[in-house]
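*Asks:* Dropping the sequence and predicted coords here.
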Amino acid sequence: MLFEQVVHRVVLPNGCRALLAEQPALPVVAMYAVVGYGARYESDTQAGLASLLGDMLDEGTAQRTAQDIALAIEATGARLSTFGGYARSGLSLTALRDDFPELLVLAADLLRHSQFPEDRFALCRARRLAQLQSRADDARTVASDAFDALVYPGHPAGRPIVGYEATVSQLTVDDLRAAYARFFVPNNLLLAIVGDLSIAEMERRLVEAFADWEPAPDFSLPNIPPVYRQSEPQEQVLVRPDKEQVHILLGHLGIPRTHPDYHALRVMDVILGDSPGMTARIPRLLRDELGLAYTTYANITATAGIDPGRFVAYIGTSPEHQAKSISAIRTEIERMRQDMVTPEELAAAKAYLTGSFVFNFETNAQRALFLIETEIYGLGDDYAQRYPELINAVTAEDVLRVSQTHLDPSALTTVIAGPVSADTK
């Protein structure tokens, strides 16, 4: 059964917005709390700041130490996670109904009064630097980062969210505190609470936890310049002689989540290269029929967000199969633009998308996140009910049109990483 309950909106006088929905099936309550802040709003020299800040939200407040916070969560069996992403940062909380009010107070403390203690900062930064060193040894990750840098030149989406060793090593605790003070304000906060509490109880607890938080006068998010799809092909080869596998990415800029072609492109994705079974063309041909791939896929909607995501086709293969793999992927992209998909392909893609959609609502945490997403992208409170209709309305002609509009095999970025020569083609 889809997520059908009425969503109640609350806006506190300080600008804090909340989406509330009752779900009494289990005595569990979940909350997502996000602020408009992330890697999108960092400078190049502070790359990785938002990610590190998100990781440190639960490392201590004015009233609680990191150990106090951990013990409070452990004692109730609740789940708390904090995060700093591309455009949003914050936390998620899932707790039993009777524990939720007390833990909501704790979550509010993290959002309002995190201190980022010096000793904890030193440990967290050291851990992040170690992760970045390990990350640099992963050829697939390195290839993906290089691909993003080419597709998003001069744009924050072209940087890894976790930053670079050179930038993270220069971050200070004062940098975190300054960003926290600027962006973690009630008039930049959106919450969703879903679970086994009445709406009246949710609203009362919300007011108690957040209503006395002073808003930031004239707060606004920084303007981020638009990014445009390339018009010429690009290629980069990253020679990694110590690796056995070649990682290949082909693609270009995609679409934002709010693009009107999103649902037709979602259907196209499933047909071209983004379904788990043997129905998608690229995995079926390259992996199952030709035996070229360990892993392969293609999609344009997976990363669609506040900024355009990326269209990317990926394959991990052996060096001797590199040229054949690239040629086969290009052929399938071009075929998607030239030929109408078959009725069987269209029906299978729609059945998969409408049938799997229900799994977005298995837990209250998933439901709360869904409310956040629908609010941010203006999808409407009835989006869960309309989604099957939107997918089923897609025609073969729609798939051909959006393929021709949004896929450009003549201007692809190609990144190859692995045991290859620098002048490979």
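*Replies:* Yep, that arrived. Numbers count the residues shown, from 1 in each chain.

*Asks:* and the nearest residue to Val35 once chain neighbours are set aside, what does it touch?
*Replies:* Nearest-residue entry for Val35: Asn188, 4.9 Å, with adjacent residues in sequence omitted and distances by Cβ to Cβ, 6 or more residues apart in numbering. No exception for glycine: its C-beta is placed from N, CA and C like everyone else's. Under the criterion of Cβ atoms under 8 Å, 6 or more residues apart in numbering, the neighbours of Asn188 are 15, 35-37, 216, 219, 221.

*Asks:* For PyMOL, write the select line for the buried members of those.
*Replies:* Selection of the buried residues among the contacts of Asn188 in PyMOL, burial being defined by 16 or more other Cβ atoms under 10 Å:
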select buried, resi 35+36+37+216
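
*Asks:* now the contacts of Asn188 as CSV including distance to Ser81 and secondary structure?
*Replies:* Rendered in CSV, the data for the contacts of Asn188 read as follows (distance: Cβ to Cβ, whole Å; DSSP: H, G, I helix; E, B strand; the rest coil):
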residue, distance to Ser81, secondary structure
Gly15, 25, coil
Val35, 15, strand
Gly36, 19, coil
Tyr37, 17, coil
Ala216, 25, coil
Phe219, 26, coil
Leu221, 24, coil
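
*Asks:* any idea which of the contacts of Asn188 is closest to Arg64?
*Replies:* Compare each of the contacts of Asn188 with Arg64 using Cβ to Cβ and the shortest gap goes to Val35, at 19.8 Å.

*Asks:* Who does Phe83 form a beta bridge with?
*Replies:* In this structure, Phe83 has beta-bridge partners Gly90, where bridges are defined by DSSP bridges.

*Asks:* Go ahead and confirm it touches Ser89.
*Replies:* Yes: in this structure, Phe83 is within contact of Ser89 by Cβ atoms under 8 Å, at 6.3 Å.

*Asks:* so where do the strands sit in the stretch 101-250 of the chain?
*Replies:* Per DSSP state E, counting those that start in this stretch, the stretch 101-250 of the chain has strands spanning 189-195, 234-239, 246-253. These are given in chain order.

*Asks:* thinking again about what came up before, pull up the gap between the residue nearest to Val35 and Arg229, please.
*Replies:* 30 Å (Cβ to Cβ, to the nearest Å).

*Asks:* And Asn2, what's its pLDDT?
*Replies:* For residue 2 the amino acid is Leu, not Asn. Taken from the predicted model, the pLDDT recorded for Leu2 is 54.

*Asks:* for Glu244, same thing?
*Replies:* pLDDT at Glu244 comes out at 89.

*Asks:* Excluding sequence neighbours, find me the nearest residue to it.
*Replies:* The shortest distance from Glu244 to any residue other than its chain neighbours is 6.8 Å, reached at Pro419 (Cβ to Cβ, 6+ apart).

*Asks:* ok, now which ones touch that neighbour?
*Replies:* For Pro419, the residues meeting the contact criterion (Cβ under 8 Å, 6+ apart) are 239-244, 246, 319.

*Asks:* With Glu244 instead?
*Replies:* For Glu244, the contacting residues are 318, 418-419, taking Cβ under 8 Å, 6+ apart as the criterion.

*Asks:* circling back to that earlier point, which of the contacts of Pro419 ranks first by neighbour count?
*Replies:* Sorting those by how many neighbours each has (other Cβ atoms under 10 Å) puts Val246 first, at 24 neighbours.

*Asks:* sorry, back to before: include distance to Thr45 when you put the contacts of Pro419 into JSON lines, please.
*Replies:* JSON lines is the format used below for the contacts of Pro419 (distance: Cβ to Cβ, whole Å):
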{"residue": "Val239", "distance to Thr45": "28"}
{"residue": "Arg240", "distance to Thr45": "28"}
{"residue": "Pro241", "distance to Thr45": "32"}
{"residue": "Asp242", "distance to Thr45": "31"}
{"residue": "Lys243", "distance to Thr45": "31"}
{"residue": "Glu244", "distance to Thr45": "36"}
{"residue": "Val246", "distance to Thr45": "33"}
{"residue": "Pro319", "distance to Thr45": "37"}
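
*Asks:* that older thread, which one of the strands of the stretch 101-250 of the chain lies closest to Glu59?
*Replies:* Nearest of the strands of the stretch 101-250 of the chain to Glu59, taken as Cβ to Cβ: strand 189-195 at 19.8 Å.

*Asks:* neighbouring strands for that closest one, and are they parallel or not?
*Replies:* strand 17-22 (parallel), strand 28-35 (antiparallel).

*Asks:* Tell me which of those sits nearest to Ala393.
*Replies:* strand 17-22 (26.7 Å).

*Asks:* Next, the residues that contact that closest one from outside, please.
*Replies:* Residues outside strand 17-22 that contact it (Cβ under 8 Å, 6+ apart): 3, 5-12, 189-199, 202-203, 206, 367, 371-372, 375.

*Asks:* let's see 6 Å
*Replies:* Applying Cβ atoms under 6 Å, 6 or more residues apart in numbering, the external contacts of strand 17-22 come out as 5, 7-8, 10-11, 190-194, 199, 202, 206, 371.

*Asks:* Can you say which of the strands paired with strand 189-195 is packed in most?
*Replies:* For those, average neighbour numbers computed from mean count of other Cβ atoms under 10 Å are highest in strand 28-35, which has a mean of 25.

*Asks:* What count of nearby residues applies to the closest residue to Ile300 other than its chain neighbours?
*Replies:* Ranked by Cβ to Cβ, 6+ apart and with sequence neighbours excluded, the top spatial neighbour of Ile300 is Phe311, at 4.0 Å. Applying other Cβ under 10 Å, we find 29 other residues in the vicinity of Phe311.
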